[in-house]
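*Asks:* model the following, please.
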Amino acid sequence: MQSFASYWLTQPCIYVSGVQYEQQRIRFQLELEFVQCLANPNYLNFLAQRGYFKDKSFVNYLKYLLYWKDPDYAKYLKYPQCLHMLELLQYEHFRKELVNAQCAKFIDEQQILHWQHYSRKRMRMQQALAEQQQQNNTSGK
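*Replies:* Sure thing, here's the model as predicted:
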């Protein structure tokens, strides 16, 4: 079954005119891009320092964007850590801490450490799987 999001991106709805469909497609792309920007702690620091997180309508917009956690939408994300940041941005304390550049730096460092650990762990898992498959192939003969 095709997801709503993929259908929405590929085919105009019969109830929507071509102009409205194009506007919806552009909105989807803009929101996708913005949500992914939230994975960047330096961008979050930029938003915090300029007072965006004090604006109630902006905070409500962040709440609205939680729909990206739905698998039909999340599959379009290249940077899934943005969903974790979006979740954290729902908390006022986290938004206030982001004004501090040291907070953004700490988050940035933690992301780098995660990527490094994940890459090594994934490589070890792939090697173990390859060895297991090789053993299965040699013992199966």
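*Asks:* can you pull out the low-pLDDT segments for the protein?
*Replies:* The chain contains residues with pLDDT under 70 at 1-16, 118-119, 140-141.
*Asks:* what about the longest helix in it?
*Replies:* helix 101-139 (DSSP state H).
*Asks:* so how far is that one off the chain centroid?
*Replies:* Centroid separation for helix 101-139 versus its chain: 19 Å, with CA atoms, centre = their mean, to the nearest Å.
*Asks:* buried residues in stretch 54-66, which are they?
*Replies:* 59, 62, 65 (16 or more other CB atoms under 10 Å). (Each C-beta comes from the backbone N, C-alpha and C, glycine too.)
*Asks:* let me fix that, I meant to ask about stretch 21-32.
*Replies:* Under the neighbour-count criterion of 16+ other CB under 10 Å, stretch 21-32 has 31-32 buried.
*Asks:* what of stretch 38-49?
*Replies:* Across stretch 38-49, burial judged by 16+ other CB under 10 Å covers 38-41, 44-45, 47-48.
*Asks:* hmm, back to that, counting contacts, what elements does the longest helix of the chain pack onto?
*Replies:* Applying 3 or more CB pairs under 8 Å, 6 or more residues apart in numbering; DSSP states H and E, we find helix 101-139 packed against helix 41-49.
*Asks:* list the helices and strands the helix it packs on packs on?
*Replies:* Helix 41-49 packs on helix 101-139, going by 3+ CB pairs under 8 Å, 6+ apart.
*Asks:* fine by me, we can end here.
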